[in-house]
Structure formats: structure tokens, C-alpha cells
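Undergrad: Give me the fold of what follows.
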Amino acid sequence: MKTYFYSKKVFFGVTINSQTIFSMFPWKELAKPKNISLLGLKETLEGGQSFTWSATDYGTWLGSFRSKLVELKLVNGVIHWRTSKQFPATQNEILENLWLDKTYDDAVQNLPWRSDSILAQCIQSLPGLTILNQPFEEMLFYFLLSSAKSIPQIKELGYLVSQKFGIQLAPNIWSFPGWQVLSQVKEKELRELKLGYRAKYVCGVASILNDEPTFLNTIINLPYPEAKSKLVSLPGVGPKIADCALLFGAKKSEAFPVDTWIAKTLDRHYNLESFSPVQKIIFARSHFGKFCGLAQQFLFSGERLGLIK
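TA: Here you go, the predicted structure:
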């Protein structure tokens, strides 16, 4: 039986110690991207588009999606993977989750980096940075928690809810419980898990999705403008939360979330200081094209990491 151990490491807001053991299949080569860097992969998994991946202290990442446990590492520019024997994922599922196919290369080629030196800097500095294809229902949940919270804080809130109501995948790791389960949870219980005012929104969304189980699937199949309009009808879902959930969970590459980092980048490098958030989104969709969401992630990471000169 293949097992491995963690030394002391914070994962989803808690500490995994040396007694934590997982039963895993052997490592396999996942893909051979044309150009991928450790920083590009790290920023993909840890840079704010996902809250269910965390770095271990020996150079790998451990994450979960759809109640499946996966570990990744980069060896000489090649991604390797292994998965839990109890909660396994397939290679195709991981490839889809990481967006590691030709359509990614095509998307990068469609961006206006040839005429946009700022975007070109970010792409050159972050080879292999992708948009993860994550479960829509999970992304909606995590971004509902994101208001006025940092990435570690969002992870901690998600962990506490998953620990209380989800399925245990391994020691100290639980799955997202699902909206049907959350519809049975009282607001008071979520407030006790540090959600604060967000508890009301989670309960409100859970109630609607429990009554309308096809709600999110309907949104996935709508064009972006209609999808966003329908999503913001949910309690607590504003334009930014909607764009984040649609970009990172529904393959809506036209979505362009504007947060503090993106607003700063557009103001400093594209002279948009006088533009409102809506006007900035209109500019971005026109300037960056149909894959403006991918451009957003390059700019977001470039600004956050201080890579733009």
C-alpha cells in the first residue's frame, strides 16, 4: 500500500501533523505542457481562484474537487499526479480541471499580448498559468464567503463548514457538503462557524437551490450576459461574486472580475482612473477579447506578485 506522511503544515486553516497518512496510488505523469513554470502552477493553485488546493512542505499540492482527493507536483516542467484510493479522480478529470489541452494554447494566442506590453510581461513571467475548471456549485459557495476576506480566511471558513457538514476524504480534509445539505443547516449554526453576515446569504442561496435543483445547470448553459443576470438574482451575489463564480466555475471566459488588484492595474497601466467598475469591464471585454477572463488572471497575478515593471 502506498502511503505518505505530512510533517507539520497548515492545510485549509488547520495543521496537518506527522501522523497524517493518506493511501494513494503511485505517481503518474499527467501532461507535458509546452511551457510551464513552478510559479505558473503555484499561482494557478494558490492565487485566489481556488480555495481547495494547498501546498505541502515538500513541494507538492494537495487538493480536492467533487469529493475527490488529488496531489500534484512539477518535475522538470512536467506535471505529475496521484490520487486517493478511497476517493479517486481520473486523469481526464484532472486534465479538465487544470485546463491542460490545446484550447488553452489557443486562448493565450487569442489574447492581445503582441500589442499589449503589460499583458505580455505577465504571460512571459507566468508560463502555464491557467484558469481552473472547477465545480460551479463549489465556486459559488467559496466566493459567497469572499467578501472582505483574504485567501487564507476564505479557506478557513470553507474548511470549517466542510468539516462540520461534508464528507471526510482524509485526516483533516473534508469535501464541500453540497447545497442540498446546506439547505438543512440553520443560519445560527453557520454564524457559529465564523461566517458572520455571510451565513444569511449561504442559507438563502441554499434554500433556493434546494427548491430549484436545475438552477445552476441552467446558468452554465446560458450565454454569459444572461448567466450573470440570473446569478445576481441570488441573495448576496453581486456583480463581482457572480463574475468570479462564472469565470472559475462555469467556463465563462468573458467574465472579468474587477477587484482591488485589477482596478489598480487598469488605473496604473491603462489610464482608467476615471472609469467606473462597469466601464472597466466594458473596456476589458473590448480590449482583451473573448478570453478576457484569462487576461484578468495574468494581470491579477502579475500585479499581486509585483511582476509588472
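Undergrad: Tell me where the stretch 51-200 of the chain has helices.
TA: Secondary structure of the stretch 51-200 of the chain, counting by DSSP state H, counting those that start in this stretch: helices at 91-98, 102-110, 117-125, 136-144, 151-165, 179-182, 187-191, 198-211.
Undergrad: Residue 241 and residue 140, how far apart?
TA: 8 Å (C-beta to C-beta, to the nearest Å). From N, CA and C alone the C-beta is placed, and that goes for glycine too.
Undergrad: Between those two, point out the one with more neighbours.
TA: Shown here are residue 241 and residue 140; by other C-beta atoms under 10 Å, residue 140 has more neighbours (26 against 23).
Undergrad: element containing the residue nearest to that one when sequence neighbours are not counted?
TA: Spatially, and ignoring its direct neighbours in sequence, residue 140 is nearest to residue 245 (4.6 Å; C-beta to C-beta, 6 or more residues apart in numbering). In the assignment (DSSP states H and E), residue 245 maps to helix 239-249.
Undergrad: Let me know which of the helices of the stretch 51-200 of the chain is tucked in deepest.
TA: Mean neighbours per residue, mean count of other C-beta atoms under 10 Å, is largest over these for helix 136-144, with a mean of 24.
Undergrad: contacting residues around that helix?
TA: Helix 136-144 is contacted by residues 51-52, 65, 154, 158, 161, 176, 178-179, 182, 198, 201-202, 205, 209, 216, 219-220, 231, 234, 236-237, 241, 244-245, 248-250 when judged by C-beta atoms under 8 Å, 6 or more residues apart in numbering.
Undergrad: Only C-alpha atoms, please: export stretch 108-125 in PDB.
TA: Output in PDB follows, covering the C-alpha atoms of stretch 108-125 (Å, rounded to 0.1, in the frame of the first residue of the first chain):
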ATOM      1  CA  VAL A 108      -3.400  32.500 -25.000                       C
ATOM      2  CA  GLN A 109      -2.700  33.100 -28.600                       C
ATOM      3  CA  ASN A 110      -6.000  35.000 -28.900                       C
ATOM      4  CA  LEU A 111      -5.000  37.500 -26.200                       C
ATOM      5  CA  PRO A 112      -3.600  40.800 -27.500                       C
ATOM      6  CA  TRP A 113      -0.200  40.300 -25.900                       C
ATOM      7  CA  ARG A 114       1.600  41.200 -29.200                       C
ATOM      8  CA  SER A 115       0.400  44.800 -28.900                       C
ATOM      9  CA  ASP A 116       0.000  45.000 -25.100                       C
ATOM     10  CA  SER A 117       3.400  45.100 -23.400                       C
ATOM     11  CA  ILE A 118       1.800  44.900 -19.900                       C
ATOM     12  CA  LEU A 119      -0.100  41.700 -20.600                       C
ATOM     13  CA  ALA A 120       3.000  40.300 -22.400                       C
ATOM     14  CA  GLN A 121       5.100  40.800 -19.300                       C
ATOM     15  CA  CYS A 122       2.600  38.900 -17.200                       C
ATOM     16  CA  ILE A 123       2.300  36.000 -19.700                       C
ATOM     17  CA  GLN A 124       6.100  35.700 -20.000                       C
ATOM     18  CA  SER A 125       6.600  35.800 -16.200                       C
END
